[in-house]
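*Asks:* Sequence and computational prediction follow.
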Amino acid sequence: MNEPIVPCCETQPSTCQCQAPTERQPVLPTSTDDGVCCGPPAGPASSPYDKPGYALWPFVQGFKETAVGPVPRVKTHLERSDTLGSFKVRLGINRNNYKIAPGLYCIGDPDAKAPVVVTANYKLTFDILRKSMAGLDAWLVVVDTRGINVWCAAGKGTFSTQEVVQRVQQIDLQRVVQHNRLILPQLAATGVSAQQVKKKCGFEVIWGPIRAFDIKAFLDAGFVASSRMRQVTFGLQERLVLIPVELSNIPKYVLWILLGLFLLSGIGSDIFSFEAAWNRGFMLLAALVSGILAGAVVVPALLPWIPGVAFAVKGVLAGLVGWAFVTVFYWGQATYIESMALLLCTAALSSFMAMNFTGSTPFTSPSGVEKEMRKAIPLQALAGLAALVTWVGAAFAG
C-alpha cells in the first residue's frame with residue numbers, strides 16, 4: 001500500500017515551497033508567515049459591522065459611531081448599479097420590491113445639532129434624496145413604507161403618524177441629536193399628523209419642500225420654503241417618465257390576447273377561416289395597439305390640451321384619433337360594421353388606459369378617482385363586449 005501523503009507545510013514549515021496542487025498533494029495553509037502556502041494572499045478582514053444574514057448596501061461607505069451604535073454613512077453620488085436599478089423600476093421590473101431597510105442613516109459627518117430628514121424606504125426616493133443632499137451633514141430617518149414612494153405611502157397609510165413615531169422611538173433618536181425637529185416631505189402631510197407626532201415622541205414636525213432637489217436650499221434658508229417649493233408640478237417630462245410603467249404590465253398578456261384576437265377574427269359563415277383569421281386578426285390587433293398607445297402615451301403627453309376633466313373622457317377622445325389612423329390605414333378593407341367594432345374597441349381600451357393613469361397625477365383626489373372608476377368601468381366593459389360581438393357578427397353580415 002502507498003504511504004499517506006504528508007503536506008510539506010506540516011513536516012518542514014521553514015523550507016516549504018509552494019507547488020501547484022495535484023490529486024496526491026493536498027495543500028494546507030501555513031501559519032508561520034503572512035501568506036498562504038500554495039495560494040493567493042489573504043483578502044481583507046471582515047468588517048466589524050458584518051452580521052450573519054445581513055448585507056451591506058453598495059451605497060454605504062462607512063459608519064459613524066454614535067450614542068446608539070454605528071450608523072451607516074451613505075454616499076451622495078449614484079453608481080452604475082443605482083442607475084440600472086432605477087431604469088429597471090421605470091420599466092416596472094422588480095418595482096414592488098425596490099426598497100431598503102428602514103432605520104437611521106447619515107450623510108457626511110453630522111453632529112448632535114445636524115438636521116434630521118425623514119423619508120420613505122422606496123429606494124428610488126432614497127436615491128434621489130441622498131443625491132440632492134451632496135455636501136450636507138445630516139441624519140436620515142427612513143420609515144417603513146413597504147417600498148412605496150412618499151405620496152402614495154401617505155395615501156395608503158404606510159407613511160403615517162404611527163410609523164414615524166415608532167421609528168423615532170425605535171432608533172432612540174433623542175440620544176443622537178440635541179434638538180427636537182424632524183423635517184418631513186410635504187407630500188407626506190396627508191398621512192402624518194404633526195400634532196400627534198409632537199405629542200407621542202416629543203419631536204416637532206417641519207414640513208420640507210415637495211421635491212427632494214430643493215432640500216439643500218430649504219435647509220440653507222433656515223427651514224423656510226419658497227412658494228415654488230410648495231407648488232406641485234406635472235410637466236411633460238414628469239408625465240412621460242411614467243409611461244413605461246403603464247406599459248410594463250401589457251406584455252404578460254400579449255400571447256393570450258393575440259390568440260383570442262385571431263380566433264375571433266376567423267369565426268364566420270364558414271365556421272372558421274384561417275385566411276380571415278389572418279387578415280381580420282391584424283385589423284383588430286391594429287385597433288388594440290392604437291387604443292393602448294392613445295390611452296397610455298398620447299393622453300399623458302398631451303394631458304393639459306385634451307378637452308375634458310375626466311381621464312376616461314380624455315381617453316375616448318384620444319381613442320377616436322387612434323381609430324381614425326387605423327381606418328385610414330385599412331381604407332377599403334374594413335366594412336362599415338367592422339369599422340364600428342374597431343371604433344368601440346379602440347375607444348374603450350384607450351379610455352381604460354387613460355383612466356389607469358389618474359393615480360399618478362396631482363389632478364385628482366382618491367375620492368375623485370374612485371367616483372370616476374365607478375362610472376367609467378361599466379361603460380368601458382360594455383363597449384368592449386359590444387366591440388367583440390359586433391366584430392364577430394360582421395363576418396356573418398358580409
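*Replies:* Yes, it's here.
*Asks:* Can you give me the end-to-end span of stretch 298-305?
*Replies:* Terminal residues of stretch 298-305 are spaced 11 Å apart (Cα to Cα, to the nearest Å).
*Asks:* who touches residue 216 in this structure?
*Replies:* 132-133, 135-136 (Cβ atoms under 8 Å, 6 or more residues apart in numbering). Yep, even glycine has a C-beta here, placed from its N, CA and C like the rest.
*Asks:* The stretch 201-350 of the chain: helices as residue ranges?
*Replies:* 215-220, 236-240, 243-248, 254-266, 274-293, 299-301, 311-329, 336-355 (DSSP state H, counting those that start in this stretch).
*Asks:* Just the buried positions in the fifth one, please.
*Replies:* If I follow you right, that is helix 274-293. Buried residues in helix 274-293, counted by 16 or more other Cβ atoms under 10 Å: 276-277, 280-281, 283-288, 290-293.
*Asks:* what is the orientation angle of that helix with helix 336-355?
*Replies:* 30 degrees (axes from the mean of the first three to the mean of the last three Cα atoms, to 10 degrees).
*Asks:* Give me the mean pLDDT for helix 274-293.
*Replies:* In this model, helix 274-293 carries a mean pLDDT of 91.
*Asks:* and what of the third one?
*Replies:* On average, the pLDDT along helix 243-248 is 79.
*Asks:* circling back: now tabulate the helices of the stretch 201-350 of the chain in TSV and tack on distance to residue 370.
*Replies:* Converted to TSV, the helices of the stretch 201-350 of the chain look like this (distance: least, Cβ to Cβ, whole Å):
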stretch	distance to residue 370
helix 215-220	33
helix 236-240	22
helix 243-248	19
helix 254-266	28
helix 274-293	24
helix 299-301	20
helix 311-329	13
helix 336-355	11
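*Asks:* how does this structure divide into domains?
*Replies:* 60-232, 238-397 (automatic domain parsing).
*Asks:* The first one: end-to-end distance?
*Replies:* Read it as domain 60-232. Domain 60-232: ends 31 Å apart by Cα to Cα.
*Asks:* So, low pLDDT: which residues of this protein?
*Replies:* 1-40, 42-43, 46-47, 51, 359-366, 398 (pLDDT under 70).
*Asks:* could you say what helices and strands the lengthiest helix in it packs with?
*Replies:* As assigned by DSSP state H, the longest helix anywhere in the chain is helix 366-397. Applying 3 or more Cβ pairs under 8 Å, 6 or more residues apart in numbering; DSSP states H and E, we find helix 366-397 packed against helix 254-266, strand 267-268, helix 274-293, helix 311-329, helix 336-355.
*Asks:* Just put the buried residues of helix 274-293 in CSV and tack on distance to residue 109.
*Replies:* Output for the buried residues of helix 274-293, formatted as CSV (distance: Cβ to Cβ, whole Å):
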residue, distance to residue 109
276, 73
277, 69
280, 69
281, 65
283, 66
284, 63
285, 60
286, 60
287, 61
288, 57
290, 57
291, 55
292, 51
293, 51
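*Asks:* which one among the residues you listed gets closest to residue 164?
*Replies:* residue 292 (39.9 Å; Cβ to Cβ).
*Asks:* you'd agree that closest one is up against residue 250?
*Replies:* Yes. If you go by Cβ atoms under 8 Å, residue 292 and residue 250 touch, sitting 6.6 Å apart.
*Asks:* Tell me which residues touch the nearest residue to residue 310 once chain neighbours are set aside, please.
*Replies:* With sequence-adjacent residues excluded and distances taken as Cβ to Cβ, 6 or more residues apart in numbering, residue 310 is closest to residue 372, at 5.4 Å. Residues near residue 372 by Cβ under 8 Å, 6+ apart: 310-312, 355, 358, 364.
*Asks:* Who wins on neighbours among these?
*Replies:* Counting neighbours by other Cβ atoms under 10 Å, residue 311 comes out on top of these with 30 neighbours.
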